[in-house]
Structure formats: structure tokens, C-alpha cells
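Visitor: Generate coordinates for the sequence data below:
(one chain, ligands or ions: 1)
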Amino acid sequence: MTRSIKFTKMHGAGNDYIYVDTTRYPIENPEKLSKKWSAPHTGIGSDGLVLIGRSDKADFSMRIFNADGSEAKMCGNASRCIGKYLYDYKLTSKTEITLDTLSGIKILKLHATGDKVDTVTVDMGIPSDEPVNYDGKGSKPMTEHPIEIDGIRYTGTTVSMGNPHLVIFVNDITKADLSSIGPKLENHPLFPDRINVEFAQVLEEGKIRMRVWERGSGVTQACGTGACATAVAAFLTGRAGRKSIIVMDGGTLTIEWDIATKHVFMTGEATKVFEGEMETDEEL
Ligand SMILES: N[C@@H](CCC[C@H](N)C(=O)O)C(=O)O
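Guide: Numbering: from 1, shown residues only. Predicted structure coming up:
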């Protein structure tokens, strides 16, 4: 039986996902759908699929699937876009929304002009050191440690923003060959759940250029959790203060690590690209 699913394509700083309201269009197999629809030539083309749903713990829920179909626990850019989606489509009139994610409940503060949201601030919670298999003897998590790939030594800082990140500071980001080194770092044995990889260069005080290789999606134009991890790593390694502007290929985010609450706050734009409808005869 053919079924029709309405979707909205949105991006945050160029990180583009397909958004589906599952209260109207329940999706049984999001892993398969994300892979199919994310494909650039045969699908819609995107960095993945985001499902918006109900929650008994918060105002709404979010599930995020990478382009390879794997599910992630958190997505910074998608959480901002969901804020815009909910408000612009009048699914809420609140300008403060709680969002249930696999990495806990996040608070979104919507900044609107009239009936449309321009930017969103997300309380991204407290960063942690989850991604490293730390046995108490080797390199300490949330500090810099060396990783060797093809005989080249990289120094990275691991930070979890609900999902895992490895932040590598370099002197010249234009020399970072993301497509070649990204998959090798993503799949390094140190990271059994794979990892998102950020190359970063401090441009000036409080301003950092960052490029990202995302777990499950490859090179993307921006990563919200990656921007937060970069700002946290920059602070921890003495490269920046508590507030940084992170400049990525597709846009800029402002990240502040609050000293009192230890929470990271991310602010940036959210943009609707287009709406569409896909017909499918598969079990999705
Ligand atoms: N682009 C996202 C993160 C998406 C998930 C990530 N690839 C993972 O597997 O952890 C963001 O904006 O945070």
C-alpha cells in the first residue's frame, strides 16, 4: 500500500535534516528511512532524519538519525530547528520549550520576530568525558591526549555533549584533510561507539574556526554539539575563555560555558528550506 509522508527540510548553520512530525506520520523504521531519504541523488538529500514526537516527560521529543541510519543521542542544530518548527507551525505558543532527547531533557529558548523564530538558545547541559575508554592509567579524559593514525600523531581532547566528540586543534585548518582522516579517527579502536571529529583553529581571542567530520554522516557544514565540544575543549586547554564564537563552513554559533551552573549554552539560527511530501510503498 502506498503511503504519503509530509516532511520539512531545515538547516542550522548548513547542517541539514529532514523533519517529520510523528504525531501525524508515525515512522516504524527510521533507520531505513534516514538512509533512503538522506541519499543525495536518489532521495531528498540531507545529513539525516529528525523525528519530532510527544513525550510524557517534556513538551516534545526528538530522535535523530544520521545519514547512515545510526541513531545519535543528541543533535545541537536539530534541537534549534525543532524550536523553530514547533513555533512557526503553531504547535506551541511557548517561547521556552522542554525537549526530551536520548541524552536528557534540553531547554530551548526561542527568539522570535512576530510569528517566526529567528534564533534559538539551547541549554545543552553539562559536558562530560564519556567517549574515552579511560582505565585510570592512560591519558585523562577531558584533557589532551595523543592518537596516532598512519604514523601521524594527533593531539585531541574528547568531550561528550550527550554524543561523543574528539576536538583536535591545529595551526592551519586549511591543511586538515577531513575526508581522508575523518573516517580513520571516527573508527579508531579507542572509540568503540565511533566518534565525531572536529578540527579547530583559534583565529583570534574568542573566535574559533572549526570543520567537522560527523559520525554516520561524514563532512557536514556544521555541528552544534561539535561547536559546544570545541568551545569546551578550547577552555580546558587554555585556548579560550568561557565564551567562544565557532565559525563553521555553513555558519556561526555562539557557545557559552556558564561557570555557575556548568551548563553549556548554544545560540544560533534555524532555517526552513522547503516542505515536501514523499510517497512510499515500503514499510517505514
Ligand atoms: N549535527 C549534529 C550531531 C548529529 C549526531 C552526530 N553525528 C552523532 O552521531 O553523534 C549536531 O548539530 O549536534
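Visitor: list the buried ones in the lowest-mean-pLDDT helix or strand in the chain?
Guide: The helix or strand of the chain with the lowest confidence, counting by mean pLDDT, DSSP states H and E, is strand 144-149 at a mean of 85. Burial within strand 144-149, assessed by neighbour count using 16 or more other C-beta atoms under 10 Å, is assigned to 144-145, 147. For the C-beta atoms, the positions are set from N, CA and C on the backbone; glycine is no exception.
Visitor: Using CSV, write down the CA coordinates of that strand.
Guide: C-alpha atoms of strand 144-149 as CSV (Å, rounded to 0.1, in the frame of the first residue of the first chain):
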residue,chain,number,x,y,z
GLU,A,144,44.6,16.5,25.6
HIS,A,145,46.0,13.1,24.6
PRO,A,146,47.8,11.7,21.6
ILE,A,147,46.3,9.5,18.8
GLU,A,148,48.4,8.0,16.0
ILE,A,149,46.9,7.4,12.5
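Visitor: next helix or strand past that strand?
Guide: strand 152-160 (DSSP states H and E).
Visitor: Which residues outside stretch 273-284 are in contact with it?
Guide: Contacts to stretch 273-284, defined as C-beta atoms under 8 Å, 6 or more residues apart in numbering, come from residues 1-11, 16, 27-30, 32-33, 37, 44.
Visitor: ChimeraX command for the buried members of the residues you listed?
Guide: A single ChimeraX command selects the buried members of the contacts of stretch 273-284 (16+ other C-beta under 10 Å):
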select :5,7,8,9,10,11,16,27,30,32,33,37,44
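Visitor: Would you mind listing where the protein has pLDDT under the threshold?
Guide: 129-143 (pLDDT under 70).
Visitor: could you pull out the helices for it?
Guide: Secondary structure of the chain, counting by DSSP state H: helices at 30-38, 76-88, 178-186, 224-236.
Visitor: Count the residues that sit near Cys228.
Guide: 29 (other C-beta atoms under 10 Å).
Visitor: Same question for Arg54.
Guide: Residues lying near Arg54 (other C-beta under 10 Å) number 11.
Visitor: ok, it touching Ser61?
Guide: Yes - counting by C-beta atoms under 8 Å, Arg54 does reach Ser61; the two are 6.5 Å apart.
Visitor: returning to what we had before: switch the helices of the chain over to TSV, and while doing so, append distance to Arg211 to every line.
Guide: Compiled in TSV, those are given as follows (distance: least, C-beta to C-beta, whole Å):
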stretch	distance to Arg211
helix 30-38	20
helix 76-88	15
helix 178-186	6
helix 224-236	9
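Visitor: Reformat those helices as a markdown table; add distance to the ligand.
Guide: Shown next, in a markdown table, are the helices of the chain (distance: least, C-beta to the nearest ligand atom, whole Å):
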| stretch | distance to the ligand |
| --- | --- |
| helix 30-38 | 11 |
| helix 76-88 | 4 |
| helix 178-186 | 9 |
| helix 224-236 | 3 |
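Visitor: Which among the ones you listed is found nearest to Gly206?
Guide: helix 224-236 (9.4 Å; C-beta to C-beta).
Visitor: and the angle from the closest one to strand 152-160?
Guide: 110 degrees (axes from the mean of the first three to the mean of the last three C-alpha atoms, to 10 degrees).
Visitor: List, one by one, the residues from the stretch 51-200 of the chain near the ligand.
Guide: By the rule C-beta under 6 Å from any ligand atom, the part of the stretch 51-200 of the chain lying against the ligand is 64, 66, 72, 75-77, 163, 196.
Visitor: Show me the beta-bridge partners of the nearest residue to Tyr87 once chain neighbours are set aside.
Guide: In this structure, Tyr87 finds its nearest non-sequential neighbour in Val117, 4.8 Å apart by C-beta to C-beta, 6 or more residues apart in numbering. According to DSSP bridges, the residues that bridge with Val117 are Ala112.
Visitor: so Val117 touches Leu91, yeah?
Guide: No - under the criterion of C-beta under 8 Å, Val117 is not in contact with Leu91, lying 12.0 Å apart.
Visitor: Please compare those two by neighbour count and tell me which comes out ahead.
Guide: Comparing Val117 with Leu91 by neighbour count (other C-beta under 10 Å), the higher total belongs to Val117, at 24 against 16.
Visitor: who touches stretch 232-248?
Guide: Residues contacting stretch 232-248 (C-beta under 8 Å, 6+ apart): 13-14, 127, 142-144, 157, 159, 161, 167, 169, 200, 202-203, 205-212, 221-223, 227, 230-231, 252-259, 264.
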